[in-house]
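for reference, the sequence and a predicted model appear below.
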2 protein chains.
Amino acid sequence: MTSRQGRRPGNPDTRAEIVEAARTAFAAGGYRGASIRGVAREAGVDPSLVLHYFGSKEDLFAASMEMPFSVGDVIGPALAGDRDGIGERLARGFFSIWELPGPRGALLGMLRGALGGHDEAVRPFREFIAESIRPTIASVIGGPDADRRALAMASHLVGVAVVRYVVRIEPLASAPVDEIVELVGPRLQSYVDG
Amino acid sequence: MTSRQGRRPGNPDTRAEIVEAARTAFAAGGYRGASIRGVAREAGVDPSLVLHYFGSKEDLFAASMEMPFSVGDVIGPALAGDRDGIGERLARGFFSIWELPGPRGALLGMLRGALGGHDEAVRPFREFIAESIRPTIASVIGGPDADRRALAMASHLVGVAVVRYVVRIEPLASAPVDEIVELVGPRLQSYVDG
C-alpha cells in the first residue's frame, strides 16, 4: 500500500495512472489474469473509479493498448441489426476503424507487437480475442460450431488487415473500404449463416 | 569478381553459398529486385548452377527463407484439378504444410519476421505474395477482379495461420486439419466462384 491509496477523482493524472497500472497488469497476467480490482489496487484508487473512467475491462484493455476506441463500439452495432447484414456491417465497422490514422497506428502497433514479439507478447492479444471478440460474435450467430465460425470470421478480418495495412499488398492495400466490404462481407456472412 | 568465380558443381559448400548470396540479394532488393543472374554473380557461380540447384527464383526464395518446401508444391496441385475443388485443395495443401514441424518453424519465422520487423523486413514477403502467389492463383480462377479475389483468398489463409499457429486461439489452434479445411475451404471456393 502506498500514499496514493484512496479515491482521488479530482486528480487529472488519475486516469493516466490507471492506464499505466492496466498496462502493467495486462502485460504481467494477460487479459484474463488482469482484473479491475487489481488494477485499482495498483493505481491506488477505488475499483468504482476505474469503472467510472473506463466502463469495462474490455475498454480498459483498449485504453492500455492505446486504442482510441472500444471494440464494443465496432462489434456492438454490427451484431445488433438484422442477421443478413452482420457480415457486411462487421467488415465495414472493422475497416472504417482502421482507416482512421490514430486507431490505425494503435492497431498496427498492437498487431506487430503481438505477432513479432516473443510468446508472452502475444498473450493479451490472444485472450482479448478468445475471451471478448470470439464469444461476443459467437453468442449472436449461434448454431453448431458458433465459436469456430466466429473465430474464422475474426481470422479473415485479421488476415485482410495484415495484407492491407501491415504488408500492404495491392490491389487490397489501396482499394476503397466499400470495395473491401463488398469483397469480404459476403464471406463473413457465409460464416454467420453456418 | 573474386577467386570464387566459375562453375564449381563439385563443391559441397556451393549450394550453401548460393543460399547465402540469395538471402543477401532478397534482403537488399526484395523479391523483385533479386535475380538468378545477380545471385549467381554474388556467389561466384554460373547462373545455370543456381537453376540446377533450385529450379526457379521462387524455389531459391523458399530456400533463402529456410522453407523446406516450394510454394509450387502446394499451390500447383491445388490449382491443377477440377475448379469446384480448388478452395478445399488449397486449404488442405496450405495447412498440411504448416502441420510439418520443419516448415512450421520456417513459416513462423518468416511471418513473425515480416510482421514484427520494420518496413524493410516486410518487403520480400510482400513481393513474394504480390508477384508469385497472387498472380498464380489469379491466372487460374480468372474472371473480373481475379487479382482481388486471389489476394482475398491468400489473406484468409494468412489470417487463419496467424490465429491458429502464431496467436494460438481455440478452437482453431488445436482443431484437426480436416475440420479447418471443412471450415475455410468453402469460403475460399466462394472467392474462386466470384
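Structure's in. What do you need? Residues are numbered from 1 along each chain as shown, chains lettered A, B, ... in the order given.

doesn't residue A:89 make contact with residue A:81?
Yes. Counting by CB atoms under 8 Å, residue A:81 does reach residue A:89; the two are 6.2 Å apart. For glycine as for every other residue, the C-beta is placed from the backbone atoms N, C-alpha and C.

of the two, which one has the most company?
Shown here are residue A:81 and residue A:89; by other CB atoms under 10 Å in any protein chain shown, residue A:89 has more neighbours (21 against 11).

is the more buried one in contact with residue A:78, as I believe?
Yes. At 4.0 Å, residue A:89 counts as touching residue A:78 under the criterion of CB under 8 Å.

which one is the spatially most central residue of chain A nearest to, not counting chain neighbours?
The centroid of chain A falls nearest to residue A:71 when counting by CA atoms, centre = their mean (4.7 Å). In space, and not counting its chain neighbours, residue A:71 is closest to residue A:58: 6.0 Å by CB to CB, 6 or more residues apart in numbering or on different chains.

how much space separates the one you found from chain B?
16 Å (CB to the nearest CB, to the nearest Å).

and for that residue, the neighbour number?
Applying other CB under 10 Å, I find that residue A:58 has 19 neighbouring residues.

which strands and helices sit next to the strand or helix carrying it?
Assigned by DSSP states H and E, residue A:58 belongs to helix A:57-64. The elements that helix A:57-64 packs onto, with contact taken as 3 or more CB pairs under 8 Å, 6 or more residues apart in numbering or on different chains; DSSP states H and E, are helix A:14-33, helix A:36-43, helix A:47-54, helix A:71-80, helix A:119-128.

tell me the mean pLDDT over stretch A:159-171?
What stretch A:159-171 shows for mean pLDDT is 94.

hmm, I was thinking of stretch A:61-78
For stretch A:61-78, the mean pLDDT works out to 74.

show residues contacting it.
A:19, A:22-23, A:26, A:31, A:34, A:54-56, A:58-59, A:86, A:89-90, A:92-94, A:97, A:102-103, A:106-107, A:109-110, A:124, A:128, A:132-133, A:136-137 (CB atoms under 8 Å, 6 or more residues apart in numbering or on different chains).

pull it out as CSV, backbone CA atoms only.
What follows is stretch A:61-78, C-alpha atoms only, in CSV (Å, rounded to 0.1, in the frame of the first residue of the first chain):
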residue,chain,number,x,y,z
PHE,A,61,-7.7,-3.1,-22.3
ALA,A,62,-8.4,-0.9,-25.3
ALA,A,63,-7.0,2.1,-23.4
SER,A,64,-4.0,0.2,-22.3
MET,A,65,-3.2,-0.7,-25.9
GLU,A,66,-3.7,2.9,-26.8
MET,A,67,-6.6,2.0,-28.9
PRO,A,68,-8.7,5.2,-29.1
PHE,A,69,-11.9,3.3,-29.5
SER,A,70,-13.7,0.3,-27.9
VAL,A,71,-14.3,-3.0,-29.6
GLY,A,72,-17.9,-2.7,-28.4
ASP,A,73,-18.3,0.4,-30.5
VAL,A,74,-17.4,-1.6,-33.6
ILE,A,75,-18.9,-5.0,-32.9
GLY,A,76,-22.0,-3.9,-31.0
PRO,A,77,-23.8,-2.1,-33.8
ALA,A,78,-22.7,-4.7,-36.4
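
how far is that stretch from where the chain is centred?
The chain centre lies 5 Å from the centre of stretch A:61-78; the measure is CA atoms, centre = their mean, to the nearest Å.

quick one: low-confidence ranges for chain A?
Along chain A, segments meeting pLDDT under 70 span A:1-12, A:27-30, A:66-70, A:102, A:109, A:113, A:116-121.

again, only this time at 90
Regions of chain A meeting the criterion pLDDT under 90 cover residues A:1-17, A:19-34, A:55-79, A:81, A:97, A:100-129, A:131-133, A:144, A:166, A:194.

number of nearby residues for residue A:15?
A total of 18 residues lie near residue A:15 under the criterion other CB under 10 Å.

show me what contacts the closest residue to it other than its chain neighbours?
In space, and not counting its chain neighbours, residue A:15 is closest to residue A:53: 5.3 Å by CB to CB, 6+ apart. By CB under 8 Å, 6+ apart, the contact list for residue A:53 reads A:14, A:15, A:18.

and which of those residues is nearest to residue A:190?
residue A:18 (41.2 Å; CB to CB).

and the gap between the closest one and residue B:188?
44 Å (CB to CB, to the nearest Å).

and stretch A:22-42, what's buried?
Buried positions in stretch A:22-42, judged by neighbour count with 16 or more other CB atoms under 10 Å in any protein chain shown: A:22-26, A:30-31, A:34, A:36, A:38-42.

so who does the nearest residue to residue A:60 once chain neighbours are set aside touch?
Distances taken as CB to CB, 6+ apart put residue A:54 closest to residue A:60, at 4.3 Å, once the chain neighbours are dropped. By CB under 8 Å, 6+ apart, the contact set of residue A:54 is A:18, A:60, A:63.

now tabulate these in TSV and tack on distance to residue B:47.
Listed next are those as TSV, based on distance: CB to CB, whole Å:
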residue	distance to residue B:47
A:18	62
A:60	58
A:63	56
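
how about JSON lines for the residues you listed, with neighbour count added?
Below are the contacts of residue A:54 laid out as JSON lines (neighbours: other CB atoms under 10 Å in any protein chain shown):
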{"residue": "A:18", "neighbour count": "25"}
{"residue": "A:60", "neighbour count": "26"}
{"residue": "A:63", "neighbour count": "20"}
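
from those residues, pick the one nearest residue A:142.
residue A:60 (28.2 Å).
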